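> predicted model, plus sequence, below.
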There are 2 protein chains.
Amino acid sequence: MWIIDETDFNKDNIINNGNKFLIGNGFIGYRGTLEEFGKKELVAVNLPGVYDKYQDKWKESVNAPNPFFTQVIYNDKILNPLINKPVNHYQSLDISCGVFSRITAFKIDDATITLKSERFVSLKNIHLLSMKYEVISDMDITITLETGIDLNIWDINGPHLKEFQIINNKDCITAYTSTLEKQIPIVVSEATVFSEDLPENFIGNIRKINVRLKKDQSFYFYKYAYINHHEEDLINKAEKFLSEIVPLGYDHLFNENKNEWQKRWDISDVIIKGDDYAQLALRYSIYHLLILSQRHTDKVSIPARGISGQTYKGAVFWDTEMFMLPFYLNTDLITAKNLIKYRINTLEGARIKAKEYGYRGAFYAWESQENGMDACTHFNVTDVLTHRPMRTYFRDKQIHISADITYAIYQTYLRTKDISLIINGGAEVILECARFYLSYGYLKLDNNRFVLPDVTGPDEYHERVNNNAFTNRMVKETFKIALLILSLLKDKYPDYYENLLKSLNYAEDYEKIKYAYEHIYLQEPNEDKVIEQFDGYFRLEDVSIDILKKRLLHPNEYWGGENGVASHTQVIKQADVVTMLYLFKDDYNEEIRKANWHYYEQRTEHGSSLSACMYALVACLNNNPDWAYPFFMKSATIDMHGGSKQYAGDIYIGGTHPASSGGAYMTAIYGFAGISIYEDKIIVKPNLPKNWQGMTFKIIHDDHIMQIEINDGNVYMRRCNND
Amino acid sequence: MWIIDETDFNKDNIINNGNKFLIGNGFIGYRGTLEEFGKKELVAVNLPGVYDKYQDKWKESVNAPNPFFTQVIYNDKILNPLINKPVNHYQSLDISCGVFSRITAFKIDDATITLKSERFVSLKNIHLLSMKYEVISDMDITITLETGIDLNIWDINGPHLKEFQIINNKDCITAYTSTLEKQIPIVVSEATVFSEDLPENFIGNIRKINVRLKKDQSFYFYKYAYINHHEEDLINKAEKFLSEIVPLGYDHLFNENKNEWQKRWDISDVIIKGDDYAQLALRYSIYHLLILSQRHTDKVSIPARGISGQTYKGAVFWDTEMFMLPFYLNTDLITAKNLIKYRINTLEGARIKAKEYGYRGAFYAWESQENGMDACTHFNVTDVLTHRPMRTYFRDKQIHISADITYAIYQTYLRTKDISLIINGGAEVILECARFYLSYGYLKLDNNRFVLPDVTGPDEYHERVNNNAFTNRMVKETFKIALLILSLLKDKYPDYYENLLKSLNYAEDYEKIKYAYEHIYLQEPNEDKVIEQFDGYFRLEDVSIDILKKRLLHPNEYWGGENGVASHTQVIKQADVVTMLYLFKDDYNEEIRKANWHYYEQRTEHGSSLSACMYALVACLNNNPDWAYPFFMKSATIDMHGGSKQYAGDIYIGGTHPASSGGAYMTAIYGFAGISIYEDKIIVKPNLPKNWQGMTFKIIHDDHIMQIEINDGNVYMRRCNND
């Protein structure tokens, strides 16, 4: 239950496999492509947190050159399945330790030549990636082998890097460059150790050697690569690093990585009894969250498409806080806190954005890049019908982002009890987010309601709506958290409290926030117990998704925007009210949850990967685990199958979906296992799908690791020894 | 200076001439087409105030069958310029008395046959229209003449009428029917008196007679028609009417009409010294306002395209109150009051509309039809690129309509001093409009501002904006007027006041309206003295109109809507801030008026016929009459030349532009003559264009008719004897 694989070669799967077989460690993402592939096959060594803007194109994360580029040539024929059809191909990903392998046999003229490789990006040492590469022939032949750093980089909105400085010495090839916009230094260096000592011919960044293969005898080499950025003296650092790493040898490094993975899995694994396919899919989801852990930095968070490339500009969305953070809060508090600190560190960007739109406080970026700059544009989709940029309101109206962050900070504080998160910036973020909503919302003199007109909720097909139920509820929560935090600080840290109020000039707003909190408008369920998604939603055309599909003029047409097929109907992109029902499950009784689930589910296109898990979670709350199951599987397998949308309008949106992975994890733990975590206890109310006999997993709670086992209807909980 | 004419026949002008040579009397509009024309040539006998909706099409005003249809056939050839090219054609409109004439000569085989006609719609008797029709040949021939009621009706969104009941008796042909939706009865009846008694052959609704024409001897007939609707027993009424009218004879009726016109012109005419072309254009504008006077009813108001057809659904817009009413307030108080009473009578519709959108009070229809029903749809433009209906926000966001009506009621009260307008419904409308804004707007807790987010101002290219300067100012005026009226009633009609407050349950809102009035947000001019049209307008792309034109993908493309070429730029459709500067001229100094005029003029596409006059008026306030002049001429000649837009998206929007006519009148009186009217005085500060030596006109003021003469820089004012 640990192996993802593919047993033949199909060129149509190349892009998808790049995501499916992705390896990485949060610092580096290496797509699951073959060594002989290049930019056309979307090879990428993605560097999250390194951003660059080229001319007037979108700013996006940077891809580094590929230090694992390798190709074999025999009789002037390149052993590349796109050029010469292989007789055999197998590739796999061992998610237990993040190792990619491939084995491909080519029949070239009389010889059958087999290529094997194995690679990993070290979870132990974030700068390291390593590969073993092997060639075997069934007859004596001479091949040419080219290996080195491929400087041809796939970019969506590039180029991003200056001309490379190439340093060859006998031990390694180093490619040094910097980004165009901000001159961020980047180094990629590789050392290659061949199984035989052969004369190497360097052509800049590529070694070229001729190898006499003896029948059935393996020729192989190990490659060790170093990648780093943002630091000084990187060329020397690279050479020093490799000079220390290479002597340790591949097997040593491989085992170090494997041990680290074992530790991570020990706390992260969720064992399912009785459903092997779900087991693999859930582990695969957790794998994606593990390769995104951010233990090493609080300056970078997890992009919406992870480290699989530049889709969505490598930017960080609410996905991280609302769909991924729950996993880290249960299994990896260092990452959890770093994700929160990233938001604390980018408060200034949120203040600038609020000011830009005439508001006060902190309006966080919808697509956050470095320093919290918002990468989202006002024209974020291109109309496939007219090829015109289309005005979208993600950036300026999806205001729930600041509430999502507030909610995440508070959850993280509750789970970690780490007051330093609060007094080292968390409180400031929370108060500034509350202040933002105070300045965004209005009081209706008519009825003394505090309301939030002109917003976009999670359902992005309906922009600029009034009083989105989810948003209003989240803003209420933000006010509540702000008031709780203020009260906490006043009690326990009176000096800090006084200084904070003074430095933020918050006294007057404090009173207003109390008032807004008490008067904020929340939609009541209607006579059918359904909560209207926003003012006037029920008056929109009530039409089926199938009929909408027939109205499309172009298959890639964007369903939202002012004139999208869904915009003026009740068809929604993703869970919206249902997301609120999950987050605030204690506020709504089962009757309401069920009514809304049924009403909205049939009107949801699930055009967002954030949607299915929320339907799964609420179905579990409603004691319908078997209705939850298909949504859970959809979330868990999204990157195993690659059936997700590749385009929004004209824009490529492919890549991995870590929020969906996080949603699968959440469904397993909070849905099927039915966990509720309180300060002093964990409550388990299992709701297993009918074919599951049990589940076992661990959760960090109150400084301890708790193992929870559900077995034939019984729940066993035990405290593990802390490591 | 009274004749509009055309000296040859050009089929490309047929549609335009239908508008240009329009005759009518507010009850009936008869397009300026030839007698032999039919629905393809857009012949129409338009009935303002009679509305019908066919299936799911747009509800629109109804066209009646044409009682003047006549064609002459010689040698099987129809004397119709579309079939046989005429050797001569002349048609004219005498705007001194609303008489249409044509004379057309055809050379058919050896004969030259000349058709002459003359027709009018009586201003004296609103049900009457009459025609003289004459045929002369230059040789003895026999022609066939067909004349009667053409039942083939041009409709934009029809059909609207049930099958006709045709009653032929020896004296007249009567076509009786009713509308499809609401069974409104309609009758069209005609009596024809030939110059010789010839055997008539009735084919249903058409007479067919053979006439022996003697060389150079005129054969002619008179036609008398009766049109009515909404009443019972219409067939008998028609027959009775014609039996009484026919004996009076054409000349008598013609002179009656002419005398009535003379009376109207006596008070309405504006004489310009030194500019014959401007004189004709201005008179032509006044002509259009005269044929729209509504002296006979307070159940119907003036549609935006007058009585020229079904464009804009025959509905009433703010055009009437803001651009036409000023003419009637100066010259025809019966019509002025009826226009106001129409709004009072449709208050219930405005209440229903407010409720529909979740507001309180009165939200008047953007496109008002009977009972104040809003004909405007949420998808009021069809995208020419995709042929999809486009969501527009005229109906739900152009909230200034209620303020326009409040302003108009109060202006009418000030001018007429007729308190019955106020206590018979006017006060209720005003209070309900103020209440509507109270419920539409919000208080910002942040800064205690009462604000109006999410509106569309006069500039329709920018929908859903926050704090449109014009709208906010008009809403402030509404609050002010409501408070003034309440204060007036309390002082002078305390019982009525008490009852009104009680019946409207207004006590609490009274206090809130005071608060909102004091706190409503009005934009301050920026450092360049320019007032931002709405929040964020200055941040939009500042691009020239010429560049926008190059961005069009289709010549008829709508510039507004979410993805229109103008929508996210500073290019505006029409005067917006500048309209505010005119209406509230005392609030802004000349420096501000000039800065805004210059800033916005170059960014205005003038895609609305309401735009040019406002630029003309403010240019006059700025003492730049020569800058005003081209805008004035544009307004005054719009229907003389027909250069206005014929399409918005896919929708035909042709027809006359009475608001533009009204704007031309306003520019003459309030701009060039520089009139300011106060309760106790009229102030005249002339600002004549350089080629004008003088102006003379009359104005009703304080129950008297004042004649104002401007001559070589001197102003003479005298009180005329009331008629």
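Thanks, I have it.
> beyond the longest helix seen in chain A, next helix or strand please.
As assigned by DSSP state H, the longest helix anywhere in chain A is helix A:469-492. Next in sequence after helix A:469-492, counting helices and strands by DSSP states H and E, comes helix A:494-504.
> got the angle for that following helix vs helix A:469-492?
Interaxial angle, helix A:494-504 versus helix A:469-492 (axes from the mean of the first three to the mean of the last three CA atoms, to 10 degrees): 130 degrees.
> returning to what we had before: elements contacting the longest helix of chain A?
helix A:400-416, helix A:427-440, helix A:494-504, helix A:507-519, helix A:577-583 (3 or more CB pairs under 8 Å, 6 or more residues apart in numbering or on different chains; DSSP states H and E). C-beta coordinates here come from the backbone N, C-alpha and C atoms, glycine included.
> got CSV for the ones you listed, with mean neighbour count and mean pLDDT too?
Listed next are the helices and strands packed on helix A:469-492 as CSV, based on neighbours: other CB atoms under 10 Å in any protein chain shown; pLDDT from 0 to 100:
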stretch, mean neighbour count, mean pLDDT
helix A:400-416, 24, 97
helix A:427-440, 26, 98
helix A:494-504, 13, 97
helix A:507-519, 16, 97
helix A:577-583, 26, 98
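> any chance of these in a markdown table, with distance to chain B too?
Formatted as a markdown table, the helices and strands packed on helix A:469-492 follow (distance: least, CB to the nearest CB, whole Å):
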| stretch | distance to chain B |
| --- | --- |
| helix A:400-416 | 16 |
| helix A:427-440 | 5 |
| helix A:494-504 | 15 |
| helix A:507-519 | 5 |
| helix A:577-583 | 19 |
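> and B:Tyr599, which of those is closest to it?
Nearest of the helices and strands packed on helix A:469-492 to B:Tyr599, taken as CB to CB: helix A:427-440 at 28.5 Å.
> next secondary structure after that closest one?
Following helix A:427-440 toward the C-terminus (DSSP H and E): strand A:442-444.
> for the residue nearest to A:Tyr312 when sequence neighbours are not counted, give me its contacts.
Spatially, and ignoring its direct neighbours in sequence, A:Tyr312 is nearest to A:Ala304 (4.8 Å; CB to CB, 6 or more residues apart in numbering or on different chains). Contacts of A:Ala304 were listed using CB atoms under 8 Å, 6 or more residues apart in numbering or on different chains, and they are A:311-312, A:315-317, A:319-320, A:367, A:658-659.
> please redo it, this time with the cut-off set to 6 Å
A:312, A:317, A:319 (CB atoms under 6 Å, 6 or more residues apart in numbering or on different chains).
> cool, A:Ile409 as well?
A:340, A:426.
> try 8 Å
Counted by CB under 8 Å, 6+ apart, A:Ile409 has contacts A:340, A:343-344, A:421-422, A:426, A:429-430, A:481.
> try A:Lys107
The contact partners of A:Lys107, by CB under 8 Å, 6+ apart, come to A:Val87.
> sec struct for the residue in the stretch 501-650 of chain A that chain B sits nearest to, please.
Chain B sits closest to A:Glu562 of the stretch 501-650 of chain A, with a gap of 3.0 Å, by CB to the nearest CB. Assigned with DSSP: H, G, I helix; E, B strand; the rest coil, A:Glu562 falls in the coil class.
> make sure it is actually in contact with A:Arg391.
Yes. With contact defined as CB atoms under 8 Å, A:Glu562 counts as touching A:Arg391 (7.4 Å).
> overlap in contacts of the two?
Residues touching both A:Glu562 and A:Arg391 (CB under 8 Å, 6+ apart) are B:562-563.
> one step back: so of the contacts of A:Ala304, which ones are in helices?
Using DSSP H, the subset of the contacts of A:Ala304 located in helices is A:Asp319.
> I'd like the contacts of A:Ala304 as CSV, with pLDDT appended.
Shown next, in CSV, are the contacts of A:Ala304 (pLDDT from 0 to 100):
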residue, pLDDT
A:Tyr312, 93
A:Phe317, 98
A:Asp319, 97
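> and the contacts of A:Ala304, which is closest to chain B?
For the contacts of A:Ala304, the nearest to chain B is A:Tyr312 (22.2 Å; CB to the nearest CB).
> can you show me the strands along the stretch 301-450 of chain A?
Counting by DSSP state E, counting those that start in this stretch, the stretch 301-450 of chain A has strands at residues A:381-382, A:389-390, A:442-444, A:449-451.
> can you pull out the helices in the stretch 151-300 of chain A?
Applying DSSP state H, counting those that start in this stretch to the stretch 151-300 of chain A gives helices spanning A:234-245, A:250-268, A:276-290.
> might one say that A:Leu414 is in contact with A:Glu679?
Yes. At 6.9 Å, A:Leu414 and A:Glu679 qualify as touching, with contact defined as CB under 8 Å.
> what helix or strand does A:Val715 sit in?
Judged by DSSP H and E, A:Val715 forms part of strand A:714-720.
> got a list of contacts for that strand?
By CB under 8 Å, 6+ apart, the list of residues contacting strand A:714-720 reads A:682, A:684, A:686, A:698, A:704-710.
> could you check the angle helix A:250-268 makes with it?
Using the same axes, to 10 degrees: strand A:714-720 against helix A:250-268 is 130 degrees.
> give the pairing partners of strand A:714-720; include direction for each.
strand A:704-711 (antiparallel) (DSSP bridges).
> could you give me the average pLDDT of the strand it pairs with?
Strand A:704-711 shows a mean pLDDT of 96.
> please identify the buried residues of that strand?
A:705-706, A:708-710 (16 or more other CB atoms under 10 Å in any protein chain shown).
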